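K.L.:
fold the following, please.
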Amino acid sequence: MRAARSTRHMRSSTHHHSSSPLLIGLALLVALVLPAAAGGAAKPEAKTSPQPKSKPAQPRGALHQLAGAAGCLVDRSAPSGKCGTARALKGAGVGFGSRAIAVSPDGRNVYVASSKSNAIAVFRRDKKTGELTQPKGPAGCVATQGPSSCAAAVGLVGPNSVAVSPDGRSVYVASRGASSLTVFARNPKNGALTQLPAGFGCISGLPVPDCSNGRALIDPDVVVISPDGLNVYVGAFAGNAVVTFNRDPSSGALAQPSGTTGCIAEAVSGCAVGIGLRAIEGLAVTSTGVYTGSASSNAVAVLARNPTTGALAQATDGSGCLVSTPLTGCTNGYEFKGANAVAVSPGGKDVYVTSLLSNSVTSFTRAIPAGGLTQKTGTAGCLVWLRAVGCSFGQALSAPEGLAVSPDGANVYVAAFATGAIVALSRNKSGEVAQLEGRAGCLAPKSVPGCTRAQALRGAGSIVVSPDGRNVYSTSFASNAVDIFRRNK
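P.N.:
Next up is the predicted model:
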């Protein structure tokens, strides 16, 4: 803006008498002497060049999509002029399930579940830049009736969730189309996947050739692995169940325990009886607990985990589940209708949940080591798209799906399916979250106002932060894409 200038009008008196020559001389002398006394003759002011405006410092956790083709990879069947291309990315991160992308513990590889490709796409990760490259041939993907250039697999029909074991030796994939859990050995050098032999490489709740039987494994939506690597847990959407498997650390092979130890469900014969488990879409696990996002129950179920056996049990005193819609036997909470993804903070003191119908992120305090949950009070307990009484405001947070907490605990990230947005939240020492201010608070297509523009984000569904905290990766179902971001640490 230009500064307005004001002028002063001075009145001078006109004298009818003439000034004496002496007075005029003295005035000239003063005019000449004073500048010299001040350090010499007066000099004209030096012209200064305008200083370039410095960019405001980006807040911790702000995201920047990598430039050009490095910022997104789309399935090669639908190339985009701005994105790179890759194989086996059709339907990356379908809206059923919220953990369709995973980074290996060593940070070398990224794995994407692509439901329409019936495949897992494999990428190598540059640890310095975060860029992804897909190996050629079978090392770059595994598929069932998918791209012919991929390695063959059994049971990958509509895969929607992928997890890598803490030791980096195994990869597990849940597929709703085959009601299956597939098991792969991971090559730690190049990240390539090899399915375990028949009878060990696939477990299904349906009669699928070369797959062993799994009780209550009906429409699995999400898979997680315990921190000690000894158990794998699967959330079954139509089975209304959490299915438990024991893991052999040496081979990665799984075995479902017999009897009620093998599953906990609302109404499945042979499983332990649970409540608040209808339509499980999200799971998170700690050493002493498993937490569900149960969409139809509008609930977060709290399951105690036996660290020695991996068995799960649910309390019956009301502490075993929190519900947004009153349900006998559960404690009431608020703003988590259609509960979806679940994430636990580093150190385990907080739990976060996205909810599709409430368009929200809700926050809970976790008791350590017992594992019970209490929703945070007031606006600290919920962040909602548009407005909700008693909650803070969440911009671009329409139909939130994916959820991830950064390894340093400073940020929480959300993938919003309807707006195609990545929402960035800051997290304080008390575990409370708030959206980053201004355009740093969200990345989205140009159709979403107030956000930083980003590309290939239609149907954003899953999100993950790299182990070193440098990068964030997301899947976009409608864009058939994986998106790559640099994180401001």
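K.L.:
from D350, how far off is T365?
P.N.:
When distance is defined by CB to CB, to the nearest Å, T365 is 6 Å away from D350. All C-beta atoms are positioned from the backbone trio N, CA, C, and that covers glycine.
K.L.:
so what's in contact with those two at the same time?
P.N.:
With contacts defined as CB atoms under 8 Å, 6 or more residues apart in numbering, the residues shared by T365 and D350 are G431.
K.L.:
who's more crowded, the two?
P.N.:
Taking neighbours as other CB atoms under 10 Å, T365 and D350 compare with D350 leading, 23 against 18.
K.L.:
quick check: closest non-adjacent residue to that one.
P.N.:
G431 (3.6 Å; CB to CB, 6 or more residues apart in numbering).
K.L.:
and if you look at L403?
P.N.:
A341 (3.9 Å).
K.L.:
the helix or strand hosting that neighbour pairs with which strands, and in what direction?
P.N.:
Per DSSP states H and E, A341 falls inside strand 339-344. Take DSSP bridges as the rule and strand 339-344 pairs in its sheet with strand 350-355 (antiparallel).
K.L.:
run the chain-centre distance for the partner strand.
P.N.:
Strand 350-355 sits 11 Å away from the centroid of its parent chain (CA atoms, centre = their mean, to the nearest Å).
K.L.:
gap between Q58 and S466?
P.N.:
For Q58 relative to S466 (CB to CB), the value is 18 Å.
K.L.:
neighbour count winner among these two?
P.N.:
Neighbour count, other CB under 10 Å: between Q58 and S466, S466 has more, with 19 against 12.
K.L.:
what's the closest non-adjacent residue to that one?
P.N.:
Distances taken as CB to CB, 6+ apart place V103 nearest to S466, at 5.1 Å, with adjacent residues excluded.
K.L.:
and the pLDDT at that neighbour?
P.N.:
We have a pLDDT of 98 for V103.
K.L.:
then N488?
P.N.:
N488 is assigned a predicted lDDT (pLDDT) of 97.
K.L.:
surely it touches A57?
P.N.:
No: using CB atoms under 8 Å, N488 is not in contact with A57; the gap is 9.1 Å.
K.L.:
more crowded one of the two?
P.N.:
Taking neighbours as other CB under 10 Å, N488 and A57 compare with N488 leading, 17 against 8.
K.L.:
so who does the more buried one touch?
P.N.:
Applying CB under 8 Å, 6+ apart to N488 gives the contacts Q58, P59, R60, G61, A62, L63, H64.
K.L.:
before we move on, what about A367?
P.N.:
With CB under 8 Å, 6+ apart, A367 has these contacts: L373, T374.
K.L.:
what's the spacing between it and K90?
P.N.:
A367 sits 43 Å away from K90, going by CB to CB.
K.L.:
would you map the strands across the stretch 51-200 of the chain?
P.N.:
Along the stretch 51-200 of the chain, counting by DSSP state E, counting those that start in this stretch, strands occupy 63-65, 72-75, 84-86, 101-103, 109-114, 119-125, 132-133, 141-143, 151-152, 159-164, 170-175, 180-186, 193-195.
K.L.:
so for C442, which of those sits nearest?
P.N.:
Smallest distance to C442 across the strands of the stretch 51-200 of the chain (CB to CB): 9.2 Å, for strand 63-65.
K.L.:
what's the closest one in contact with?
P.N.:
Contacts for strand 63-65 (CB under 8 Å, 6+ apart): 58, 71-72, 413, 422, 424, 440, 443, 452, 454-455, 472, 483-488.
K.L.:
swap in 10 Å and give it another go.
P.N.:
Residues outside strand 63-65 that contact it (CB atoms under 10 Å, 6 or more residues apart in numbering): 58, 71-72, 411, 413, 422-424, 436, 440, 442-443, 452-457, 471-472, 474, 483-488.
K.L.:
and the residues you listed, which of them are buried?
P.N.:
Neighbour-count burial (16 or more other CB atoms under 10 Å) applied to these gives 71-72, 411, 413, 422-424, 436, 440, 442-443, 452, 454-457, 471-472, 474, 483-488.
K.L.:
okay, and which of the residues you listed map to strands?
P.N.:
Members of the buried ones among the contacts of strand 63-65 lying in strands (criterion: DSSP state E): 72, 411, 413, 422-424, 442-443, 452, 471-472, 474, 483-487.
K.L.:
just the buried residues of stretch 133-153, please?
P.N.:
Buried positions in stretch 133-153, judged by neighbour count with 16+ other CB under 10 Å: 134, 138-144, 146-147, 150-151, 153.
K.L.:
compute the first-to-last residue distance for it.
P.N.:
Its first and final residues considered, stretch 133-153 spans 22 Å by CA to CA, to the nearest Å.
K.L.:
ditto for stretch 315-331
P.N.:
With CA to CA, one end of stretch 315-331 sits 12 Å from the other.
K.L.:
distance from that stretch to the middle of the chain?
P.N.:
Centre to centre, stretch against its chain (CA atoms, centre = their mean), the figure for stretch 315-331 is 27 Å.
K.L.:
and what of stretch 199-207?
P.N.:
Mean C-alpha position of stretch 199-207 versus that of the full chain (CA atoms, centre = their mean) differs by 30 Å.
K.L.:
mean confidence score for it?
P.N.:
The model assigns stretch 199-207 a mean pLDDT of 96.
K.L.:
okay, buried residues for that stretch please.
P.N.:
For stretch 199-207, the neighbour count (16+ other CB under 10 Å) marks F200, G201, C202, I203, S204, G205, L206 as buried.
K.L.:
just the ones of these in strands?
P.N.:
Counting by DSSP E, the buried residues of stretch 199-207 place C202, I203, S204 in strands.
K.L.:
what are the bridge partners for the second one, then?
P.N.:
To tie it back to what came earlier, the one meant is I203. With DSSP bridges applied, I203 shows beta-bridge pairing to L181, S212.
K.L.:
who's in contact with it?
P.N.:
Under the criterion of CB under 10 Å, 6+ apart, the contact list for I203 reads 155, 172, 179-183, 211-215, 217, 220, 232, 234, 243, 245, 254-256.
K.L.:
write the ChimeraX selection for whichever of the residues you listed are buried.
P.N.:
Restricted to buried positions by 16+ other CB under 10 Å, the ChimeraX selection for the contacts of I203 reads:
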select :155,172,179,180,181,182,183,211,212,214,215,217,220,232,234,243,245,254,256
